[in-house]
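Colleague: Below are the sequence and a predicted model for it; my questions follow.
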Amino acid sequence: MSISLRIKELRLQKKLSQIQFAKHLKVSQASVSQYENGTRSPDSSFYTKVCETYNVNLNWLLTGSGLMFQDIQPINPSILTKTIRLPIVGEIAAGNPCEIYCDEPLGHIDIPIGFLHFSPPYMVFRVSGRSMEPYILSGDLVICSQDWRDVDTNGKIMAFRTWEGITIKRLVVDYKNKTTWLMPMNHEFTPLPFNKDTEDITMIGILDIAIRSYNRDDIYIR
């Protein structure tokens, strides 16, 4: 099933007309019609709006894998009691790499330890750029662990230091050609290759958790 058919399936599942669907997502009815008949492809912001508005599983929307809707589980309040304070060390590029470290942290964030999967030490960055849309958006906070022992990093989202600075990309290994790629999620951006002879690219962290705020002024950051 194509993305266009999945968009239509979602709309019908929600029992909405194209006009209602378009109004909820702040697009025109003509755009919805084009998305559903496959004559026009949505941009990344449309996918983000769909997922946020209807609690849709982005993986299902893009690939057809998994459930249509996110399976949200209630949080056990006990995991919120023990937190760790981490400095936001600077910005990380989701686009062309850039040097990000600041003399002083951009702020601090208190995060429940139970939310973290990988082991410390951690680095927290504020994302700048669009190359990881729609999965990671500019302005998101990403917490990266510097300990990825025993983890198969192929396909994982990682933080890298390049000759130009720091960037966040998905690591994809091409075993046949003995080349590893730093892959953006946004098809508008160009993948960056490196191999054993590329000395200027180093993995510095594996993405553990991304945090996104809505309708607020960075209340998590102190």
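Modeller: Great, that's in hand. Keep in mind it's a predicted model, so treat the numbers as computed, not measured. Numbering: from 1, shown residues only.
Colleague: Burial check on residue 63, number of neighbours?
Modeller: 11 (other CB atoms under 10 Å). No exception for glycine: its C-beta is placed from N, CA and C like everyone else's.
Colleague: OK, contacts around it?
Modeller: By CB atoms under 8 Å, 6 or more residues apart in numbering, the contact set of residue 63 is empty.
Colleague: try the one 5 residues further on
Modeller: Contact criterion CB under 8 Å, 6+ apart gives 9, 10, 13, 56, 57, 60 as the residues in contact with residue 68.
Colleague: Grab the nearest non-local neighbour of the third one.
Modeller: This points to residue 13. Counting by CB to CB, 6 or more residues apart in numbering, residue 13 lies nearest to residue 68, which is 6.8 Å off, once chain neighbours are set aside.
Colleague: Local confidence estimate at the one you found?
Modeller: Listed pLDDT for residue 68 reads 91.
Colleague: ok, now the one 3 residues further on?
Modeller: According to the per-residue confidence, residue 71 scores 72 in pLDDT.
Colleague: Quick check: bridge partners of residue 172?
Modeller: Note on residue 172: beta-bridge partners by DSSP bridges are residue 181.
Colleague: I'd guessed it sits against residue 184; true?
Modeller: No - taking contacts as CB atoms under 8 Å, residue 172 lies outside contact range of residue 184: 10.7 Å.
Colleague: which residues in this structure form strands?
Modeller: Counting by DSSP state E, the segments of the chain that form strands are 83-93, 107-112, 119-128, 141-147, 157-162, 165-174, 179-183, 192-194, 202-211.
Colleague: Need those in a markdown table (columns: distance to residue 4, mean neighbour count and mean pLDDT).
Modeller: Listed next are those as a markdown table, based on distance: least, CB to CB, whole Å; neighbours: other CB atoms under 10 Å; pLDDT from 0 to 100:
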| stretch | distance to residue 4 | mean neighbour count | mean pLDDT |
| --- | --- | --- | --- |
| strand 83-93 | 32 | 19 | 88 |
| strand 107-112 | 39 | 15 | 88 |
| strand 119-128 | 29 | 19 | 93 |
| strand 141-147 | 31 | 20 | 95 |
| strand 157-162 | 27 | 20 | 90 |
| strand 165-174 | 25 | 20 | 90 |
| strand 179-183 | 24 | 18 | 89 |
| strand 192-194 | 31 | 17 | 83 |
| strand 202-211 | 28 | 18 | 92 |
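Colleague: Kind regards, and thank you for your time.
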